[in-house]
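**Student:** Quick one, what's the 3D model for this:
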Amino acid sequence: MGHVPEAHSHRKMPDAIRAVLSDDHSHERGLAALQDLMDQIVRDEGAAGLRELTVALALGLASALEQIAVEQGVAAADLAEVWFTD
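**Tutor:** A predicted model of the protein is given here:
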């Protein structure tokens, strides 16, 4: 995979993922925690921090899709199209 940014915001990637996955009973609380994290990154690092986190999350998602695609014997691009098509 490509280069993953190593900025402070990149280290927040697991926090962002945990915020969304943390509470199966309250989707709203998970989203609120994620929004708080994004607000913190904006305060601390500005738009560059958000950009770096976005790139890191996209690269992480692509890597996960590639692993799942290999296990399922399909192309990662095909899997992504199925998962992310409305």
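**Student:** Need the contact partners of whatever helix or strand residue 19 lives in.
**Tutor:** Following DSSP states H and E, one finds residue 19 within helix 13-21. The contact list for helix 13-21 (Cβ atoms under 8 Å, 6 or more residues apart in numbering) reads 30, 31, 33, 34, 37, 38, 53, 56, 57, 60. For every residue, glycine as well, the C-beta is placed using N, CA and C.
**Student:** switch to 6 Å and redo it
**Tutor:** 30, 33, 34, 37, 56 (Cβ atoms under 6 Å, 6 or more residues apart in numbering).
**Student:** any chance of the residues you listed in TSV, plus secondary structure?
**Tutor:** Listed next are the contacts of helix 13-21 as TSV, based on DSSP: H, G, I helix; E, B strand; the rest coil:
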residue	secondary structure
30	helix
33	helix
34	helix
37	helix
56	helix
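**Student:** picking up where we left off before, same question for the helix holding residue 19, mean pLDDT?
**Tutor:** When pLDDT is averaged along helix 13-21, the result is 80.
**Student:** related to what we said a few turns ago, could you redo the contacts of helix 13-21 as CSV and give each row distance to residue 75?
**Tutor:** Converted to CSV, the contacts of helix 13-21 look like this (distance: Cβ to Cβ, whole Å):
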residue, distance to residue 75
30, 31
33, 34
34, 30
37, 33
56, 23
